[in-house]
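1. Okay, sequence plus prediction incoming.
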Amino acid sequence: MTEHKVVLQAEWVAARKELLAKEKEFTRQRDAISAERRKLPWVKVEKGYTFDTPNGKKTLAELFGRKSQLIVYHFMFGPGWEEGCPSCSLLGDHFDGSLVHLAHRDVTLTAVSRAPLAQIEAFKKRMGWHFPWASSNGSDFNIDYHVSFPKTRGRTARSTITTPRRSFRARKRRVPACSTRTKTEASSTRIPLSGAGWTF
């Protein structure tokens, strides 16, 4: 256990106020960066992607269901893995409860993983989850969205949107993203994180 200095209440209040000023400045900076992120341009989705779902093959457009917005969580779960990423699983424990709230906001949420559908379904049953979860196994979806990287010989993979100055050997990254669609086309944006992630 970490040892802490023990002081009188007045000294603690003074230290807390000093830290609070720093926290508020950090919040203002984060809000400004968040505003810039929301202004990032979107990308028209022109490539056709197909996913395996419990209801058969579906295109990216079909994953929207009847909603105009789609949130894809890139769940770190690859072919042959015995279980999903612990951090993704922690978040997954909270997806089911959010579905009704997202639906009321014209949003569909689905998870996507590279693992085959049978592997996903087995793990999903084990965890007691019910949220939509599709397999992108055999498609370029994860690579195109910079959340998975092809194996390279003697070279390290590099993400162009999450770690521009650092090479790493990880084959999966958290990169959030959201898609929206009209009757004729879809577009998407990605929100860089330091870990699995979301596609909006």
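-> That came through, no problem. Here the structure is a predicted model, which is why all the values come from computation and not from measurement.
2. which residues of the chain fall in strands?
-> Under the criterion DSSP state E, strands of the chain are mapped to 43-44, 50-53, 56-59, 69-74, 107-113, 133-135, 177-181, 186-190, 197-199.
3. Can you get me a residue count around Tyr145?
-> 22 (other Cβ atoms under 10 Å). The C-beta positions use only the backbone N, C-alpha and C, and glycine is treated the same way.
4. isn't it right up against His74?
-> Yes - Tyr145 lies in contact with His74 (Cβ atoms under 8 Å); the separation is 7.0 Å.
5. buried residues in the lengthiest helix in the chain?
-> Determined from DSSP state H, the single longest helix within the chain is helix 9-38. Buried positions in helix 9-38, judged by neighbour count with 16 or more other Cβ atoms under 10 Å: none.
6. before we move on, what about stretch 58-72?
-> Residues Lys58, Leu60, Leu63, Phe64, Lys67, Gln69, Leu70, Ile71, Val72 are the ones in stretch 58-72 that count as buried (16+ other Cβ under 10 Å).
7. Tell me the confidence at the third one?
-> Per-residue confidence for Leu63 comes out at a pLDDT of 96.
8. Same question for Ser113.
-> 97.
9. what number of residues lie near it?
-> Number of residues near Ser113 (other Cβ under 10 Å) recorded here: 30.
10. my read: it touches Tyr73, true?
-> No - with contacts counted by Cβ under 8 Å, Ser113 stays clear of Tyr73, the gap being 9.3 Å.
11. what's the spacing between Ala103 and Ser68?
-> Note on Ala103: its distance to Ser68, by Cβ to Cβ, to the nearest Å, is 12 Å.
12. Likewise for Trp129?
-> Counting by Cβ to Cβ - Trp129 and Ser68 are separated by 25 Å.
13. Then Arg105?
-> Distance from Arg105 to Ser68, counting by Cβ to Cβ: 10 Å.
14. How about Asp93?
-> 27 Å.
15. the domain parsing of this protein - what is it?
-> Domain assignment for the chain, taken from automatic domain parsing, gives 7-39, 42-199.
16. What mean pLDDT does the shortest one get?
-> Same thing as domain 7-39. Taken as a whole, domain 7-39 carries a mean pLDDT of 97.
17. For burial, what's the neighbour tally of the closest residue to Pro79 other than its chain neighbours?
-> Leaving aside its sequence neighbours, Pro79 sits nearest to Ala115 (Cβ to Cβ, 6 or more residues apart in numbering; 5.5 Å). By other Cβ under 10 Å, 22 other residues sit near Ala115.
18. contacting residues around Ala115?
-> By Cβ atoms under 8 Å, 6 or more residues apart in numbering, Ala115 lies in contact with Phe77, Gly78, Pro79, Gly80, Trp81, Phe123, Ser135, Asn137.
19. what do you get if the cut-off is 7 Å, keeping everything else the same?
-> Phe77, Gly78, Pro79, Trp81, Ser135, Asn137 (Cβ atoms under 7 Å, 6 or more residues apart in numbering).
20. Name the member of those with the most neighbours.
-> Within the contacts of Ala115, Phe77 tops the neighbour count with 26 neighbours, counted by other Cβ under 10 Å.
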